[in-house]
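Colleague: here you go, sequence then predicted model.
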Amino acid sequence: MNATTSPIPSSLNDEVFISAFEDLSLPPELFDHKGHMRICWLYLNRYPLNIALQRTCDGIQSYATSLGATDKFNYPLTEAFVRIMSQRIEANTTANWPTFLDLNKDLADDAVGVIRQYDATLVK
């Protein structure tokens, strides 16, 4: 199995992951919730918040559309999640994605619950 067909998103190097996401060739099984988090983390570590926010939201919406899953994308929830991740990155700068994920298990395990703590109006 090569890097582009591995079932574990973290096995793809960052540049391959970004490229596959942006050209909509990333296999859907590699873009679960942790895949969403990873692209957000990558963008937040490369761009200022406003650009990372736009790239993350536009990218996820485009990716969902390419899969025929337009109903799965929620801009306000995604924006809130990007902003929360940005705060977490600023509060605890991490050198790599696995470390960030390990330090922020609540974001991986209960994103809606975390967002609800920030703004209950976004989560019904």
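Modeller: Structure received.
Colleague: from the middle of its chain, how far away would stretch 56-76 be?
Modeller: In terms of C-alpha atoms, centre = their mean, to the nearest Å, the centre of stretch 56-76 is found 12 Å from the chain centre.
Colleague: in it, what counts as buried?
Modeller: By neighbour count on 16 or more other C-beta atoms under 10 Å, the buried set for stretch 56-76 is 56-57, 59-61, 63-64, 74. Heads up, the C-betas are built off the backbone N, CA and C, glycines and all.
Colleague: got a list of what residue 83 touches?
Modeller: With contacts defined as C-beta atoms under 8 Å, 6 or more residues apart in numbering, residue 83 is in contact with 49, 53.
Colleague: tell me the pLDDT at it?
Modeller: We have a pLDDT of 91 for residue 83.
Colleague: helix or strand right after the strand or helix carrying it?
Modeller: For residue 83, the host element (DSSP states H and E) is helix 75-91. Next along the chain after helix 75-91, taking DSSP H and E as the criterion, comes helix 97-103.
Colleague: who touches that following helix?
Modeller: 10, 14, 34, 37-38, 41-42, 88-89, 92, 94, 108.
Colleague: now the residues you listed as TSV including distance to residue 80 and neighbour count?
Modeller: Output for those, formatted as TSV (distance: C-beta to C-beta, whole Å; neighbours: other C-beta atoms under 10 Å):
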residue	distance to residue 80	neighbour count
10	24	16
14	24	16
34	18	16
37	13	22
38	18	24
41	16	26
42	19	19
88	13	19
89	15	18
92	19	11
94	21	16
108	16	16
